[in-house]
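Engineer: Sequence first, predicted coordinates after that:
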Amino acid sequence: MKATLFSVERASFESDVAQDLKETVENVTRILGAPNLADFFPLLKPFDPQGIKRQSEFYLGKMIDMFGHIINQRLQSRHIDSS
């Protein structure tokens, strides 16, 4: 999957972009796998005592931005190649 995503950039798996994506995906999986106290005690939900909602919004947004950037680069390269 990484080779497909980064083929436009010809980036190695050790590049900063690849490492940033890896760290972001690791953080998303860590957050999604963590037990949330607000799930067990609904009164705590508005307070987000563990910051899980805040962290998940941050990392998922970051991941969406990264994929959007990669998709835009691939579309631009296809447009240039077809011209």
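Structural biologist: Received it, and whenever you're ready, just let me know what you need. Numbering: from 1, shown residues only.
Engineer: quick one: Phe47 and Gln76, what's the gap?
Structural biologist: 44 Å (CB to CB, to the nearest Å). For glycine as for every other residue, the C-beta is placed from the backbone atoms N, C-alpha and C.
Engineer: and if you look at Gln19?
Structural biologist: Distance from Gln19 to Gln76, by CB to CB: 23 Å.
Engineer: ok, Ile31 - how many residues close by?
Structural biologist: When neighbours are counted by other CB atoms under 10 Å, Ile31 registers 20.
Engineer: Quick check: which element contains it?
Structural biologist: Element membership for Ile31, per DSSP states H and E: helix 16-33.
Engineer: what's the longest helix anywhere in the chain packed up against?
Structural biologist: Using DSSP state H to define each element, the chain has its longest helix at helix 52-82. Identification of packing neighbours for helix 52-82 by 3 or more CB pairs under 8 Å, 6 or more residues apart in numbering; DSSP states H and E yields helix 16-33.
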